[in-house]
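> sharing a model that was predicted from the sequence below.
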Amino acid sequence: MPLNISDSLPAVRILENENIFVMKETRAVHQDIRPLRILIFNLMPVKITTETQILRLLSNTPLQVEITLIYSSMHLSKNTPREHLDAFYKTFDDISHHKFDGLIITGAPIEHLEFEEVDYWEEMVKIMNWADQHITSTLFICWGSQAGLYHHYGIPKYMMDEKKSGVFSHRIYNRKHVLTRGFDDEFLAPHSRYTEVRKEDIEKVSDLEILADSEEAGIYLVASRDLKRIFVTGHSEYDPLTLKDEYERDVAKGLDIKIPRNYFLNDDPKSEPVVKWRSHASLLFSNWLNYCVYQETPFLLENGNH
């Protein structure tokens with residue numbers, strides 16, 4: 001898919017080197033079509049890495065997509081240069097008067113906090129409520145999915161005895177659902193988290209459907225019946241080396257951390273990781289973009305009713 005993003009965003013050069021079709025703003029203005037407008041609320045500390053990972057996955061359909069990046073105005077970002085935020089990001093207040101076709105809310109490494117203890121929780125709640133009237137479909141990732149399930153449905157998160165890190169096998173509950181079209185009977189996806197949501201809590205909510213889980217990693221994919229809210233507890237967007245970088249960071253901190261499961265060749269951290277989730281990630285994002293966003297969104301977006 002042609003990605004319509006700022007010509008000077010660092011992700012442009014990275015993705016072009018990977019032979020991914022990126023349509024720069026200077027060319028997109030000459031195409032007489034309405035692109036899908038996708039808003040990304042990037043909560044991850046190293047924003048340049050996360051935006052590149054997500055843009056890579058949004059590049060895999062014939063649809064043109066126009067990307068808007070926002071960050072929290074209530075949290076000081078220590079790992080992303082201020083000039084990068086000023087050049088490529090907006091705040092919620094900057095865009096709140098517009099409608100968008102899709103919204104992606106990323107994860108954040110703040111699971112040890114109660115939701116209400118997060119310094120930008122008030123802003124997060126405001127955005128999630130705003131999305132009900134201004135967004136066709138929202139994709140919540142990892143901590144973002146836990147936050148969405150908690151806010152919209154009162155579903156709690158639980159601390160686990162140890163970090164769940166690795167690449168895990170998953171099974172499909174409903175192979176006829178639009179989000180699981182083309183999924184293998186068993187598929188692999190990364191997880192990296194200290195907390196979980198539980199099946200029994202989700203099953204109490206009639207508006208939610210569990211679409212996939214893992215025997216080892218638990219719940220993975222949940223959707224509201226109207227497709228307006230999609231929750232992914234894992235990190236299918238992760239690069240090949242992301243789990244490795246996180247593991248080495250935790251080891252350097254002196255944490256008692258286990259080697260990511262089913263990730264390194266022969267479970268040897270000195271070996272290169274084996275990527276086994278790339279095709280699943282691509283299919284998950286393209287299914288969401290096509291069936292939950294493109295097929296559902298009004299053509300006249302600003303005037304359309306969601």
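Cool, the structure landed. Bear in mind that the values here come from a model prediction, so they are computed numbers and not experimental data.
> only C-alpha atoms from now on, for both contacts and neighbour counts.
Noted.
> tell me if I'm right that Glu196 and Tyr158 touch.
Yes. Between Glu196 and Tyr158 there is a contact under CA atoms under 8 Å: 5.3 Å.
> hang on, Trp53 in a helix?
You called it Trp, but residue 53 is Gln. Yes. Using DSSP: H, G, I helix; E, B strand; the rest coil, the secondary structure at Gln53 is a helix.
> residue ranges with poor pLDDT in the protein?
Within the chain, the segments meeting pLDDT under 70 span 1-5, 7, 18-33, 75, 79, 302-306.
> do a quick rundown of the strands in it.
Remark: strands assigned in the chain by DSSP state E are 3-5, 22-24, 36-41, 65-70, 89-90, 100-105, 135-141, 158-172, 186-196, 208-214, 218-224, 229-232.
> need those strands in TSV with mean neighbour count and distance to Asn266, can you?
As requested, the strands of the chain are exported to TSV (neighbours: other CA atoms under 10 Å; distance: least, CA to CA, whole Å):
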stretch	mean neighbour count	distance to Asn266
strand 3-5	25	37
strand 22-24	21	36
strand 36-41	22	36
strand 65-70	22	39
strand 89-90	18	41
strand 100-105	24	34
strand 135-141	26	29
strand 158-172	18	13
strand 186-196	21	17
strand 208-214	19	21
strand 218-224	21	24
strand 229-232	25	28
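> where is the longest helix in this protein?
Using DSSP state H, we find that the single longest helix of the chain is helix 121-134.
> ok and it relative to strand 100-105, angle-wise?
150 degrees (axes from the mean of the first three to the mean of the last three CA atoms, to 10 degrees).
> take the strands of the chain and lay them out in JSON lines including distance to Ala281.
Output for the strands of the chain, formatted as JSON lines (distance: least, CA to CA, whole Å):
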{"stretch": "strand 3-5", "distance to Ala281": "17"}
{"stretch": "strand 22-24", "distance to Ala281": "19"}
{"stretch": "strand 36-41", "distance to Ala281": "17"}
{"stretch": "strand 65-70", "distance to Ala281": "18"}
{"stretch": "strand 89-90", "distance to Ala281": "25"}
{"stretch": "strand 100-105", "distance to Ala281": "14"}
{"stretch": "strand 135-141", "distance to Ala281": "12"}
{"stretch": "strand 158-172", "distance to Ala281": "12"}
{"stretch": "strand 186-196", "distance to Ala281": "8"}
{"stretch": "strand 208-214", "distance to Ala281": "14"}
{"stretch": "strand 218-224", "distance to Ala281": "12"}
{"stretch": "strand 229-232", "distance to Ala281": "11"}
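> out of those, nearest to Ser271?
Distance to Ser271, taken as CA to CA, is lowest for strand 158-172 among the strands of the chain, at 14.7 Å.
> quick one, what contacts Lys135?
Slight slip there: residue 135 is Ile, not Lys. Lys99, Phe100, Asp101, Gly102, Leu103, His306 (CA atoms under 8 Å, 6 or more residues apart in numbering).
> let's go with 6 Å and repeat that
Counting by CA atoms under 6 Å, 6 or more residues apart in numbering, Ile135 makes contact with Phe100, Asp101, Gly102.
> the second one contacts Leu39, doesn't it?
No. Counting by CA atoms under 6 Å, Asp101 stays clear of Leu39, with 8.0 Å between them.
> can you tell me the closest non-neighbouring residue to Ser73?
Closest residue in space to Ser73, ignoring its immediate chain neighbours: Thr91 at 6.2 Å, by CA to CA, 6 or more residues apart in numbering.
> for Thr61, see how far away that neighbour is.
Thr91 is 28 Å from Thr61, where distance means CA to CA, to the nearest Å.
> related to what we said a few turns ago, mutual contacts of Asp101 and Leu39, please.
Shared contacts of Asp101 and Leu39, defined by CA under 6 Å, 6+ apart, are absent.
> how many other residues sit next to Glu16?
The number of residues packed near Glu16 is 13, by other CA atoms under 10 Å.
> ugh, wrong one, Asp268
For Asp268, using other CA under 10 Å, the count is 12.
> again, but for Val46
14.
> would you state the helices of the stretch 201-306 of the chain in chain order?
Secondary structure of the stretch 201-306 of the chain (DSSP state H, counting those that start in this stretch): helices located at 242-252, 278-287.
> what sits up against the shortest one?
Okay, so that is helix 278-287. With contact meaning CA under 6 Å, 6+ apart, helix 278-287 is reached by Leu57, Leu179, Ser236.
> spatially nearest residue to the first one (excluding sequence neighbours)?
Counting by CA to CA, 6+ apart, Ser282 is the residue found nearest to Leu57 once chain neighbours are left out, at 5.5 Å.
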